[in-house]
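Student: pasted the sequence and its predicted model underneath.
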Amino acid sequence: MAHHHDVQLPEQQQPAPAGPDEHPLVGPAVAFVRQYHQELPGAGDAAPRVREVLAEIERTGSYRHTPQELAFGARVAWRNAARCIGRLYWRSLVVRDLRHLSGAEEVAQECFEHLRLATNGGRIRPVVSVFAPDAPGSPGPRLEGPQLIRYAGHRQPDGSWIGDPATGEITAWARELGWKGGQEPFEVLPLLVTEPGARQPRWFELPEDTTLEVPISHPEYGWFAELGLRWYAVPAISDMVLEIGGVRYPAAPFNGWYMGTEIGARNLADADRYDQLGVVAEHLGLDTSSERTLWRDRALVELNRAVLHSFQEAGVTMADHHTESDRFLRHIAQEARLGRPTPADWSWIVPPVSGGLTPVYHRYYDPVDPAARPAFLPRQGLPAAAGD
Ligand code: ARG
């Protein structure tokens, strides 16, 4: 390996493409270490750490982040998440360093502990748990489902669904593996963990104390509670890879708190999810004979009121879309004062109800750079489906 990297690399975050004899980790690793030392003035001069990292890559083919680098990297990955409206609090992300773990049993137990810490009795805390990275010849573990908590979806012989159609495939897989799922509409799926070297995941039922759920009722309509709708408190994405300084952490589940519309305007409302607008409209006695009566819109607003009301009643953190939009613009302003752009994906940032009522609708954003790192990346390198 060339020695000139020690002092000669220009002070920029995207280094020149790797030379033919250069290890592919060198460029991203050096860029990350420099960014770390640039943003954290207390961290001092980058040069000694750069030399150390280069030597470690040369010796072992990889390198280990310090716990401080890991925490910084995970927080900046959140800050770089162009689809996330909730980034104001990126500095407060709790980073759990679990890099010594890759066994299915240990990973599952720590995912459960993640949920307990994140739930925090209803005062939701943003948390990421970082398990073993992919290393040369030694991959890390992986979580197969899209979130730590998800409801099962069973397709019926007549083509209808019991539960969440979004999880049809993972539900079928869990059953193949021997999970005995019943036929309930809100049944929590087991966690599927594949440990390094294993051909199949193992499944683990979530302990009761890990899954706080909120029954949905309405502030005015008593019949609403009888619809039997509910949702879980903690959205914890488990199928994205955390990439920091060229190192990939394939199991790094992270959570924030819910914004009401994710549940009220998507999970419970979408025609290909729980599809509840017709039922709600019927109970409201709305005229559904024509789209022009806006019965869908009216039912949607009441469903969203119910979701916000219910989480509030249950003492579980949840943001409404007006407040979260305000916070996001504050985040952009705060970042701008620090000289940083806030790349954002308009189509994900604007909420799925009342878009034009929120300030995030009425502007454009800094363009998204798919090469920005650190980052949470879709596992397959394919962009995730819109609106998840
Ligand atoms: N939209 C997803 C869901 O409804 C969760 C995505 C992450 N959301 C969040 N508030 N951190 O389950």
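Tutor: Thanks, I have it. Fair warning: this is a prediction, and the values are worked out from it, not measured in the lab.

Student: for the rest of this, base every contact and every neighbour count on C-alpha atoms.
Tutor: Fine.

Student: just give the number of residues close to the closest residue to the ligand within the stretch 101-250 of the chain.
Tutor: Using Cα to the nearest ligand atom, the closest approach of the stretch 101-250 of the chain to the ligand is made by residue 235 at 5.1 Å. Burial measure for residue 235: 24 neighbouring residues, criterion other Cα atoms under 10 Å.

Student: for it, list the residues it contacts.
Tutor: Residue 235 is in contact with 147, 148, 149, 255, 256, 257, 258, counting by Cα atoms under 8 Å, 6 or more residues apart in numbering.

Student: tabulate these (a markdown table), appending distance to residue 319, pLDDT and secondary structure.
Tutor: Listed next are those as a markdown table, based on distance: Cα to Cα, whole Å; pLDDT from 0 to 100; DSSP: H, G, I helix; E, B strand; the rest coil:
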| residue | distance to residue 319 | pLDDT | secondary structure |
| --- | --- | --- | --- |
| 147 | 20 | 98 | strand |
| 148 | 21 | 98 | coil |
| 149 | 19 | 98 | coil |
| 255 | 14 | 98 | strand |
| 256 | 11 | 98 | coil |
| 257 | 8 | 98 | coil |
| 258 | 6 | 98 | strand |
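
Student: now the element after the helix or strand of the chain with the lowest mean pLDDT, going C-ward?
Tutor: Of all helical and strand segments in the chain, the minimum by mean pLDDT, DSSP states H and E falls on helix 5-8, at a mean of 38. Where DSSP states H and E defines the elements, the next helix or strand beyond helix 5-8 is helix 26-39.

Student: now that following helix: mean pLDDT?
Tutor: Per-region confidence: helix 26-39 scores 98 on mean pLDDT.

Student: just checking, what packs against it?
Tutor: In terms of contacts (3 or more Cα pairs under 8 Å, 6 or more residues apart in numbering; DSSP states H and E), helix 26-39 is packed against helix 47-60.

Student: and the helix or strand just after the helix it packs on, what's buried?
Tutor: Scanning forward in sequence from helix 47-60 by DSSP H and E, the next helix or strand is helix 67-79. Of the residues in helix 67-79, those buried under the neighbour-count criterion (16 or more other Cα atoms under 10 Å) are 69, 70, 71, 72, 73, 74, 75, 76, 77, 78, 79.

Student: ok, stretch 122-142 next?
Tutor: 122, 124-134, 139-142.

Student: also stretch 355-366?
Tutor: 355, 358, 360, 361.

Student: cool, and stretch 22-29?
Tutor: 24, 25, 26, 27, 28, 29.

Student: skipping its backbone neighbours, what lies nearest the last one in space?
Tutor: Residue nearest to residue 29 in three dimensions, not counting chain neighbours: residue 245, with 4.2 Å by Cα to Cα, 6 or more residues apart in numbering.

Student: contacting residues for the one you found?
Tutor: Counting by Cα under 8 Å, 6+ apart, residue 245 has contacts 25, 28, 29, 30, 31, 32, 33, 373, 374.
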